[in-house]
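> sequence and predicted structure are below.
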Amino acid sequence: MATLELYSKGASVWIPDPDAVWVSAQLLEDYSPGHKHLLLQLSDGNEVHYPVGSSSDLPPLGNPDILEGENDLTTLTFLHEPAVLHNLRVRFLDYSSIYTYCGIVLVAINPYDQLPIYGEEVIDAYCGQDMADMEPHIFSVAEEAYRTMIRSEKKQSIIISGESGSGKTVSAKFTMRYFAVVGGTAQQTRVEERVLASNPIMESIGNAKTIRNDNSSRFGKYIEIGFGRKGDIIGANMRTYLLEKSRVVFQVKGLIFKMCHPFLSLLTLSKMFKICSCCYCSNLFNSMIIYVAFWCILVSQ
Ligand SMILES: Nc1ncnc2c1ncn2[C@@H]1O[C@H](COP(=O)(O)OP(=O)(O)OP(=O)(O)O)[C@@H](O)[C@H]1O
């Protein structure tokens, strides 16, 4: 619990709000134990009496303005839900940054927009740099894992978690792209190409359109990338688990079209490769090609 003396006139606090979730307010008078209310001024100028049954009901304190938009949440004086949400919001809206550190953890906001932050020039900028010296980025996490692996000659893991549609698959793809560039020769080798090329094939078979995500992975992935002594990619292995079979054969309520049926998935894939003329016969033919391509990739690894 925060120290009671900090609830003095002029201090800022966060109070729950049915619409904005949390709103900021300023104390208009000092709080002392026994007070039943806090006199607060909201940002729109309105004054409110915030009920305080006991000191444990005191609202979370706001951080000093100078810490607003910090790129590492652990540097905040007060770390609680409204502080985290506010900082991520400020970084996203004012700094156009979707990434924030929380110690060694990278917090990412899904921008649902193509941002110009994943090009090769950005990869070059992060290559060889320390995580602490760079702005938060998925490439920074990938670089840290890559350098630590080279330095310590030990396996490294990157765990990507989040709710459906939060951007896990996209983040994993950017991580692999990073490894493909820094762990490749000037001209990417066939192994790296195959690692990246396996994505649409896996997605065509195991992804489905859900209410939360048009291209939702309905299975977990454990992707292992092998590196040689020089740090170049020499192989990769993907294990899948917990495939949600029900979504492969049933259509969820509320969706007009669903990609997950194998036939429809292959149709989507064929469209991606622009080899589909959208008639059933050619789709069947295309699906054969895709299965062959799929096995070729697996066997050649
Ligand atoms: N960094 C990003 N930049 C731009 N768009 C993104 C980014 N991350 C995610 N998206 C968008 O969000 C959509 C959903 O992301 P993604 O499929 O990676 O979510 P997920 O967490 O893997 O979901 P699920 O658990 O349902 O598979 C993507 O199709 C893409 O449009």
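Nice, thanks for sending it over.
> do a quick rundown of the strands in the stretch 1-150 of the chain.
Secondary structure of the stretch 1-150 of the chain, counting by DSSP state E, counting those that start in this stretch: strands at 12-17, 21-27, 37-42, 47-51, 99-102, 105-108.
> now the helices for the protein?
81-93, 120-126, 138-152, 168-182, 190-206, 245-249, 262-272, 280-300 (DSSP state H).
> L6: what's its closest spatial neighbour, skipping adjacent residues?
Computed as C-beta to C-beta, 6 or more residues apart in numbering, the closest residue to L6 that is not its neighbour in sequence is L61, at 5.7 Å. C-beta here means a position set from N, CA and C on the backbone, and glycine is covered the same way.
> around the ligand, pick out the residues from the stretch 151-300 of the chain.
162, 164-170, 213, 215-217 (C-beta under 6 Å from any ligand atom).
> just the buried ones from these, in ChimeraX syntax?
A single ChimeraX command selects the buried members of those (16 or more other C-beta atoms under 10 Å):
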select :165,166,167,168,169,213,216,217
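> make JSON lines from the residues of the stretch 151-300 of the chain next to the ligand and add distance to E135 to it.
Output for those, formatted as JSON lines (distance: C-beta to C-beta, whole Å):
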{"residue": "G162", "distance to E135": "20"}
{"residue": "S164", "distance to E135": "27"}
{"residue": "G165", "distance to E135": "25"}
{"residue": "S166", "distance to E135": "20"}
{"residue": "G167", "distance to E135": "18"}
{"residue": "K168", "distance to E135": "21"}
{"residue": "T169", "distance to E135": "23"}
{"residue": "V170", "distance to E135": "19"}
{"residue": "N213", "distance to E135": "27"}
{"residue": "N215", "distance to E135": "28"}
{"residue": "S216", "distance to E135": "29"}
{"residue": "S217", "distance to E135": "28"}
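> figure out which of the strands of the stretch 1-150 of the chain is closest to the ligand.
For the ligand, the closest of the strands of the stretch 1-150 of the chain is strand 105-108, at 6.7 Å, according to C-beta to the nearest ligand atom.
> near the ligand at all, the closest one?
No. Contact of strand 105-108 with the ligand (C-beta under 6 Å from any ligand atom) is absent, the minimum separation being 6.7 Å.
> buried sites along that strand?
For strand 105-108, burial by neighbour count (16+ other C-beta under 10 Å) applies to 106-108.
> look through the stretch 51-200 of the chain and state the residue closest to the ligand.
Nearest residue of the stretch 51-200 of the chain to the ligand: G167, at 3.0 Å (C-beta to the nearest ligand atom).
> which non-adjacent residue is nearest that residue?
Per C-beta to C-beta, 6+ apart, closest to G167 is N110, 4.2 Å.
> one more: Y31?
Y7 (3.8 Å).
> next up, the contacts around that neighbour.
Going by C-beta atoms under 8 Å, 6 or more residues apart in numbering, Y7 touches 13, 27, 30-31, 38, 58, 61.
> return a ChimeraX selection command for the buried portion of the residues you listed.
Selecting only the buried entries of the contacts of Y7 in ChimeraX, with 16+ other C-beta under 10 Å as the criterion:
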select :13,27,31,38,58,61
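> check the contacts of Y7 against the ligand, which are close?
Counting by C-beta under 6 Å from any ligand atom, no member of the contacts of Y7 is near the ligand.
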